[in-house]
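Student: here is a sequence with its predicted model. Questions after.
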Amino acid sequence: MTKRYEIYKDSGVQWLGEIPGHWKRTRLKNVMKLLNGRAYLQPELQEEGKYRILRVGNFFTNDKWYYSDMELEPTKYCEKGDLLFAWSASFGPYIWDEEKVIYHYHIWKVLLGEKYDKYYAYFMFKAFSEVKRRDVHGSTMVHLTLQDMNQSYIPLPPLSEQHSIVSYLDDKCAKIDKMLEGKQKQIELLAEMKQRIIADVVTRGLNPNVKMKATNIPWLPEIPEHWSCIKLKAFCKDNKEKNKGNVESCVLSLSYGNVIVKQNVNFGLVPDNYESYQIVKPGYIILRLTDLQNDHKSLRTGLVKHRGIITSAYVGLVVNNINNEYVHLLLHSYDVMKVFYGLGGGLRQSMSYQDISNLYVPVPPLTEQQDIVSYITDKTSKIDTLTAKLQQEIESIKEYKQRLISDVVTGQIKVC
């Protein structure tokens, strides 16, 4: 049963509500100082040098580092153990656990007074961040302001209770994180199983005892004896239909291996008009074959399910005399197997229709293509259902973790 403090009082602050009677509230500026990092980085210093540049993206992704040999200023770098707070685009605290690094302008380094424990401040910011997401400024890149943060009220328990709260949340959050890690691992295993099913069936068929023949293709050493092996251009043509006169207005996007209708077409960088976009129809296959050298994670293929327009930077394939879903599954498998990487040209490794059209692909008889598509659809839909269920469980656990942190740091739950 959840424990409560004996006496509560109204804090007068909406996000805090009632707090324990012996706790105080204080303006953030009274117990800590937020220091901005560098406002800009000199381009000529970003390629090599002594110090790494920490950006907001490094908090939440495995984004690449920039480097600089510029002289460090005392308030422009952080060291192992420093408490940081990202205030632009993505909000949240982070305790830096690596070597000395320059930090970017969109990050605050938090200097704490003697009344505030660093790790309590970290958990407090975890709760506070969720509140401040509703109090952001800006339309294209939402952000917090230093003035608003400094004037914000935060809880101030006795220091001994802060230490007890940290111990409690460290233990609880570690257990929750272990549970989340386990479920995420299950999702990864299901994804591997899904890709293995697709790769095996589109290249070997449904009969495990079928006689095979050699192909002399590095990524496809053998295929069933009765299959053909021909170049993609034999049945996939380059889509050349442009949106002249802006006749189509449904803007599509390739996202996580799916071609979806773009919901907010006015957000971010948008063209003056969409005449240069290609018109696509259900059954077309879209491939994003740019930046092959730097991006080895994205899913680069998608099957069009809606009539609309999509950037001409993507290759659009018009499929004839073959099952388009089979071709999509095959190219998706090639993508997962990283067949495209290393085949492109130019500094950032890109492929055009001419490049991909010369790829050799296995071609089963039409009836077998349909059988393969039906089998994969049945198997992968079950995997997708399990994955969705696990993802829902992960989101529920994350919500519980966030609620627990918020309740404990604001005194709604007594832990000492």
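Tutor: Perfect, thanks for sending it.
Student: every contact and neighbour count from this point should use C-alpha atoms.
Tutor: Fine.
Student: all helices of this protein, in order?
Tutor: 28-31, 56-60, 118-132, 146-151, 159-204, 324-336, 353-357, 366-409 (DSSP state H).
Student: now distance to Gln263 and mean pLDDT too, for those, in a markdown table please.
Tutor: A markdown table is the format used below for the helices of the chain (distance: least, CA to CA, whole Å; pLDDT from 0 to 100):
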| stretch | distance to Gln263 | mean pLDDT |
| --- | --- | --- |
| helix 28-31 | 38 | 96 |
| helix 56-60 | 24 | 58 |
| helix 118-132 | 24 | 92 |
| helix 146-151 | 31 | 91 |
| helix 159-204 | 27 | 96 |
| helix 324-336 | 24 | 94 |
| helix 353-357 | 28 | 92 |
| helix 366-409 | 22 | 97 |
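Student: need the ones you listed in JSON lines with distance to Leu254 and mean neighbour count, can you?
Tutor: Shown next, in JSON lines, are the helices of the chain (distance: least, CA to CA, whole Å; neighbours: other CA atoms under 10 Å):
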{"stretch": "helix 28-31", "distance to Leu254": "43", "mean neighbour count": "16"}
{"stretch": "helix 56-60", "distance to Leu254": "22", "mean neighbour count": "16"}
{"stretch": "helix 118-132", "distance to Leu254": "30", "mean neighbour count": "20"}
{"stretch": "helix 146-151", "distance to Leu254": "37", "mean neighbour count": "14"}
{"stretch": "helix 159-204", "distance to Leu254": "19", "mean neighbour count": "16"}
{"stretch": "helix 324-336", "distance to Leu254": "13", "mean neighbour count": "21"}
{"stretch": "helix 353-357", "distance to Leu254": "17", "mean neighbour count": "16"}
{"stretch": "helix 366-409", "distance to Leu254": "19", "mean neighbour count": "16"}
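Student: quick one: closest of those to Ile260.
Tutor: For Ile260, the closest of the helices of the chain is helix 324-336, at 15.5 Å, according to CA to CA.
Student: in TSV: the helices of the chain, plus distance to Ile286.
Tutor: Listed next are the helices of the chain as TSV, based on distance: least, CA to CA, whole Å:
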stretch	distance to Ile286
helix 28-31	50
helix 56-60	28
helix 118-132	37
helix 146-151	44
helix 159-204	18
helix 324-336	9
helix 353-357	11
helix 366-409	18
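Student: the ones you listed: which one's closest to Ile107?
Tutor: Distance to Ile107, taken as CA to CA, is lowest for helix 56-60 among those, at 6.7 Å.
Student: which among the helices of the chain is found nearest to Asn258?
Tutor: Here helix 324-336 is closest among these (CA to CA), at 10.8 Å.
Student: quick check: angle from the closest one to helix 159-204?
Tutor: Interaxial angle of helix 324-336 relative to helix 159-204 (axes from the mean of the first three to the mean of the last three CA atoms, to 10 degrees): 120 degrees.
Student: quick one, what contacts the closest residue to Asn243 other than its chain neighbours?
Tutor: Excluding its sequence neighbours, the residue lying closest to Asn243 (CA to CA, 6 or more residues apart in numbering) is Glu275, at 4.6 Å. Glu275 makes contacts with Lys242, Asn243, Lys244, Gly245, Asn246, as judged by CA atoms under 8 Å, 6 or more residues apart in numbering.
Student: same thing but 10 Å
Tutor: Residues in contact with Glu275 (CA atoms under 10 Å, 6 or more residues apart in numbering) are Lys242, Asn243, Lys244, Gly245, Asn246, Val247, Glu248, Ser249, Ile309, Thr311.
Student: compare those residues and tell me which is most surrounded.
Tutor: Top of the contacts of Glu275 by neighbour number is Ile309, holding 26 neighbours under the definition other CA atoms under 10 Å.
Student: and the residue lying closest to that one once chain neighbours are set aside, how many neighbours?
Tutor: Of all residues not flanking Ile309 in the chain, Ile279 sits nearest, at 4.5 Å (CA to CA, 6+ apart). Neighbour count for Ile279, taken as other CA under 10 Å: 27.
Student: quick check: pLDDT value at Ile279.
Tutor: Looking at Ile279, its pLDDT reads 97.
Student: hang on, it packs against Gly245?
Tutor: No - using CA atoms under 10 Å, Ile279 makes no contact with Gly245, being 11.7 Å away.
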